[in-house]
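K.L.:
no sequence on hand, only this structure:
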């Protein structure tokens, strides 16, 4: 709201004091402070909202509010955000669990609710360890959340760590694993068939996929077990990459169609929800290049607090 009162001492004894880039300046006769016409005190929440959700730079925010960039920087520094594990008593659902990184030495572990997208857990990490994920699930359960199932993207040790829960291996990541071993345009007929079979995984029923996969393994049994003799006299499997892929599929197969079980109705078959969250977070961070790690941490915490509409001081 525009006013000609001094925003610092609330005195009405003010006078015009020139222009700054076409904006009227005023000077208070009581306290001697100078301010812009139409000045209104900005809240830190208001500034952070523009900084985070509006994807505006400091210069753009300063121009919009007719204040200096140093004022915006001061208001941003004035707020400190801390993530506290929220109470989840009475809540239940399927949990997306994943980690993402900036560089090699720091990142976050994040868990979100499938139905609402609410953040259930957030922690900063230096390295992706199994314990970091176990801590996430432990914290969620301790906070009162009843986990119906967990969606993860393939870290093998997690399947044994969370054996007490229904686990859905992200089918999209499974297809990416297949492409990594076979390439996007495989040349051998066995590889072409396996690629086509896995690409239809998302549309398949578990029984149909298992039947077709077993038929493929039987059809290409001799191919998969073909060996070659090296100069040293030792024999090696000729098609090692596709054999490695078969071992991977065999391991993940019991977890690829968990979402189709009756007790897991409503469970997604991919972790696209959390991947989309990471993508949006990183796009927002990229709008503000040059932030220190500490400032990036503050940005990340504020980003998730704002998304959940958690009150900030």
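P.N.:
Received, thanks. Just so it is clear, the model here is predicted, and its values are computed rather than measured. Numbering: from 1, shown residues only.
K.L.:
quick one: residue 147 is in a strand?
P.N.:
Yes - counting by DSSP: H, G, I helix; E, B strand; the rest coil, residue 147 falls inside a strand.
K.L.:
quick one: it from residue 24, how far?
P.N.:
In this view, residue 147 and residue 24 are 59 Å apart by C-beta to C-beta, to the nearest Å. Quick note: C-beta positions are derived from backbone N, CA and C, even for glycine.
K.L.:
of these two, give the one with the bigger neighbour count.
P.N.:
Remark: of residue 147 and residue 24, residue 147 carries more neighbours, 19 against 14, as counted by other C-beta atoms under 10 Å.
K.L.:
bridge partners for that one, pull those for me.
P.N.:
Beta-bridge partners for residue 147, by DSSP bridges, are residue 93.
K.L.:
okay but it is in contact with residue 136, surely?
P.N.:
No - counting by C-beta atoms under 8 Å, residue 147 sits too far from residue 136 to count as a contact (10.9 Å).
K.L.:
can you map out the strands along the stretch 1-150 of the chain?
P.N.:
14-20, 23-28, 34-36, 92-102, 106-113, 119-125, 146-152 (DSSP state E, counting those that start in this stretch).
K.L.:
do the same with the stretch 201-313 of the chain
P.N.:
Using DSSP E, counting those that start in this stretch, strands in the stretch 201-313 of the chain cover 227-229, 235-237.
K.L.:
so, low pLDDT: which residues of this protein?
P.N.:
1-4, 21-22, 36-45, 53-55, 308-313 (pLDDT under 70).
K.L.:
report how many residues lie close to residue 208.
P.N.:
Other residues within reach of residue 208, judged by other C-beta under 10 Å, total 11.
K.L.:
with the one 3 residues further on instead?
P.N.:
Here the count is done by other C-beta under 10 Å, and residue 211 has 12 residues near it.
K.L.:
got it, and residue 295?
P.N.:
Applying other C-beta under 10 Å, we find 13 other residues in the vicinity of residue 295.
K.L.:
please tell me how far the most centrally placed residue in the chain sits from residue 216.
P.N.:
The chain has residue 278 as the residue nearest its centroid, 2.6 Å off, counting by C-alpha atoms, centre = their mean. Distance of residue 278 to residue 216, computed by C-beta to C-beta: 34 Å.
K.L.:
likewise residue 301?
P.N.:
To residue 216, residue 301 is 48 Å away according to C-beta to C-beta.
K.L.:
repeat for residue 52
P.N.:
Applying C-beta to C-beta to residue 52 and residue 216 gives a distance of 49 Å.
K.L.:
in stretch 11-18, what counts as buried?
P.N.:
The neighbour-count check on stretch 11-18 (16 or more other C-beta atoms under 10 Å) flags residue 14 as buried.
K.L.:
what does stretch 213-222 give?
P.N.:
Neighbour-count burial for stretch 213-222, counted by 16+ other C-beta under 10 Å, picks out 213, 216, 220.
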